[in-house]
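Peer 1: here is my input, please return the structure:
(one chain, ligands or ions: 1)
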Amino acid sequence: MYPAKFDYYRANSVEEALDLLAAHEDAKLLAGGHSLVPVMKLRLSSPAALIDIGRIDALKGICKDDDGNVKIGALTTYAATAAANGGTPQAVTETASIIADQQVRNRGTIGGGCAHADPASDMPTVLTALGASFSLASKDGMRDVGATDFFTGFFETDLGEQEVMTTINVPAEGAGTGSAYMKLPNPASGYAMVGAAATITANGGTCESIGVAVGGLTAGPVKCSAVEAALVGKALTQENIAAATNAVLQDVAREDASGDMHASAEYRHAVLPTFIYRALTAAAERAMASGEGDDLTKIEGVGPKVAEILSNGGLRTFAQVAASSSDVISALLRDAGSAYNRMDPTTWPQQASLAAAGDWDALKTLQDELDGGRA
Ligand SMILES: Cc1cc2nc3c(=O)[nH]c(=O)nc-3n(C[C@H](O)[C@H](O)[C@H](O)COP(=O)(O)OP(=O)(O)OC[C@H]3O[C@@H](n4cnc5c(N)ncnc54)[C@H](O)[C@@H]3O)c2cc1C
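Peer 2: Got it, this is the predicted structure:
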């Protein structure tokens, strides 16, 4: 089907978008268009005017503020979000990398997905668990709304008709914190039939703080305070995680779950604890693995200052450097300034992999070979 006729305007700044919203009744903002255009084609929505904000560069990109929060521009695509480093929680980057296909990820924006608030979408659940907030601009100024207040129901948010979402604010993931998102995907579309997200900060193997949320089976994301209360202050053992998992049945009653032709409400509710367990286990493992950090200066070529740059970029352990690529490391060095952008990190993941395995003899042999090659 074709959409109903509409007028098209392009905004080059947030101020211009707000002016256009005020000037045109029944107008809608257009970002990547991956949710709005399909619903217009189905005539589920027929706005009189579209205001294209897709070229406002000020709403794109990811940075950290002075308080250590990660600020994600509302127009940042999933592809750019998936490639983020520097403290962006792993649950955010990983989730961005599994949403839809590459084409959708190249155009679809994190802000557009959240404003659309499809109950089966992934990022609202993740952002609710992480305690994120949304910055919204209007002609009256800016306001910040926490995720638990932002998502108000089935395709519903607190976003006013005269507001533009500018930024999503997420607490940075530092040492000792790990996060994860686990979903049961619809086999055809990939949307979540059940999704569970968790962030855990560990201290000496104990859960110091925690955030958990679920979605997919409910009208919007649900913050799981019963699961959180069951694990905070406890040792992060399998038994304690399993016990906390069952508390999700207090957070989401059977009547809160809905089903469709892909999976019944009963089925989704029955498998929910499994996905909570997986998210809690992965977040706890990541939190404990990222705790202390390793002495990265054991990697030849890495001095104390470079170790700090890697650590600030989320690479604190040998395992994290080993799992990274020299391209990602080069990008961190480039961002750190001209003194570092000529460094060659090609062998660092390989060296880190030997260090992570505790194979110090092999690491020494490799480093001697590298020295020999340079002599
Ligand atoms: C084939 C396919 C598969 C998909 N699979 C998944 C999946 O597995 N998981 C998942 O989570 N999602 C999935 N999606 C949905 C996808 O995430 C969304 O379509 C996309 O994020 C929407 O972003 P957009 O920039 O295209 O928004 P648009 O379609 O442009 O806008 C969506 C809505 O948000 C409003 N809006 C946009 N930006 C702003 C802003 N800055 N301020 C205020 N309002 C705004 C618009 O007015 C509109 O109402 C899939 C989509 C497709 C097409």
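
Peer 1: could you chop this structure up by domain?
Peer 2: 7-52, 60-171, 177-289, 296-374 (automatic domain parsing).

Peer 1: excluding chain neighbours, what is closest to the residue of the stretch 1-150 of the chain found nearest the ligand?
Peer 2: Across the stretch 1-150 of the chain, the shortest distance to the ligand (CB to the nearest ligand atom) belongs to residue 112, at 2.2 Å. C-betas here are computed from N, CA, C, even on glycine. Excluding its sequence neighbours, the residue lying closest to residue 112 (CB to CB, 6 or more residues apart in numbering) is residue 31, at 3.8 Å.

Peer 1: before we move on, back to that, now tabulate the domains of the chain in CSV and tack on mean pLDDT and mean neighbour count.
Peer 2: Formatted as CSV, the domains of the chain follow (pLDDT from 0 to 100; neighbours: other CB atoms under 10 Å):
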stretch, mean pLDDT, mean neighbour count
domain 7-52, 97, 16
domain 60-171, 96, 20
domain 177-289, 95, 20
domain 296-374, 89, 17
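
Peer 1: those: which one's closest to residue 1?
Peer 2: Counting by CB to CB, residue 1 lies closest to domain 7-52 out of the domains of the chain; the figure is 5.2 Å.

Peer 1: quick one: name the residues of the stretch 151-300 of the chain near the ligand.
Peer 2: 159, 164-165, 189-191 (CB under 6 Å from any ligand atom).

Peer 1: now these as a markdown table including secondary structure and distance to residue 324?
Peer 2: Listed next are those as a markdown table, based on DSSP: H, G, I helix; E, B strand; the rest coil; distance: CB to CB, whole Å:
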| residue | secondary structure | distance to residue 324 |
| --- | --- | --- |
| 159 | coil | 36 |
| 164 | strand | 35 |
| 165 | strand | 31 |
| 189 | coil | 31 |
| 190 | coil | 26 |
| 191 | coil | 30 |
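
Peer 1: can you tell me the SS state at residue 226?
Peer 2: Secondary structure, DSSP: H, G, I helix; E, B strand; the rest coil: residue 226 is helix.

Peer 1: surely it touches residue 251?
Peer 2: Yes: the criterion here is CB atoms under 8 Å, and residue 226 meets it with residue 251 at 4.8 Å.

Peer 1: so what's residue 167 up against?
Peer 2: The neighbours of residue 167, taking CB atoms under 8 Å, 6 or more residues apart in numbering as the test, are 59, 71-74, 134-135.

Peer 1: in which helix or strand would I find it?
Peer 2: Assigned by DSSP states H and E, residue 167 belongs to strand 164-171.

Peer 1: top strand in this structure by residue count?
Peer 2: Criterion DSSP state E: the longest strand present in the chain is strand 192-203.

Peer 1: what sits against the residue of the stretch 1-150 of the chain closest to the ligand?
Peer 2: 31-32, 34-36, 74-75.

Peer 1: try 10 Å
Peer 2: 29-36, 53-54, 74-75, 77-78, 165 (CB atoms under 10 Å, 6 or more residues apart in numbering).

Peer 1: circling back to that earlier point, neighbouring strands for the longest strand of the chain, and are they parallel or not?
Peer 2: Paired neighbours of strand 192-203 in the sheet (DSSP bridges): strand 177-185 (antiparallel), strand 206-215 (antiparallel).

Peer 1: and it with strand 164-171, angle?
Peer 2: 40 degrees (axes from the mean of the first three to the mean of the last three CA atoms, to 10 degrees).

Peer 1: then strand 192-203 to CSV, C-alphas only?
Peer 2: Extracted as CSV, the C-alpha positions of strand 192-203 are listed here (Å, rounded to 0.1, in the frame of the first residue of the first chain):
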residue,chain,number,x,y,z
ALA,A,192,12.0,-10.0,20.9
MET,A,193,9.3,-12.4,22.0
VAL,A,194,11.0,-12.3,25.4
GLY,A,195,14.0,-10.1,26.2
ALA,A,196,15.9,-9.7,29.5
ALA,A,197,18.6,-7.2,30.3
ALA,A,198,20.8,-7.0,33.4
THR,A,199,23.6,-4.8,34.7
ILE,A,200,25.6,-5.8,37.7
THR,A,201,28.4,-4.1,39.7
ALA,A,202,30.5,-6.7,41.6
ASN,A,203,32.8,-6.1,44.5
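
Peer 1: does the host helix or strand of residue 137 reach the ligand?
Peer 2: Using DSSP H and E, residue 137 maps to strand 133-138. No: using CB under 6 Å from any ligand atom, strand 133-138 stays clear of the ligand, with a minimum separation of 7.6 Å.

Peer 1: any idea how far that strand is from the chain center?
Peer 2: 18 Å (CA atoms, centre = their mean, to the nearest Å).

Peer 1: residues in contact with the helix or strand just after that strand?
Peer 2: Following strand 133-138 in sequence order, the next helix or strand is strand 141-146 (DSSP H and E). Applying CB under 10 Å, 6+ apart, the contact partners of strand 141-146 are 14, 127-128, 131-137, 150-152, 157-160, 163, 165-167, 169, 223.

Peer 1: coming back round to it: now list whatever residues contact both of residue 226 and residue 251.
Peer 2: By CB under 10 Å, 6+ apart, the residues touching both residue 226 and residue 251 are residue 212.

Peer 1: residue 123 against residue 74, yeah?
Peer 2: No: counting by CB atoms under 10 Å, residue 123 does not reach residue 74; the two are 11.7 Å apart.

Peer 1: now for those two: what residues contact both?
Peer 2: By CB under 10 Å, 6+ apart, the residues touching both residue 123 and residue 74 are 110-111, 113-114, 168.
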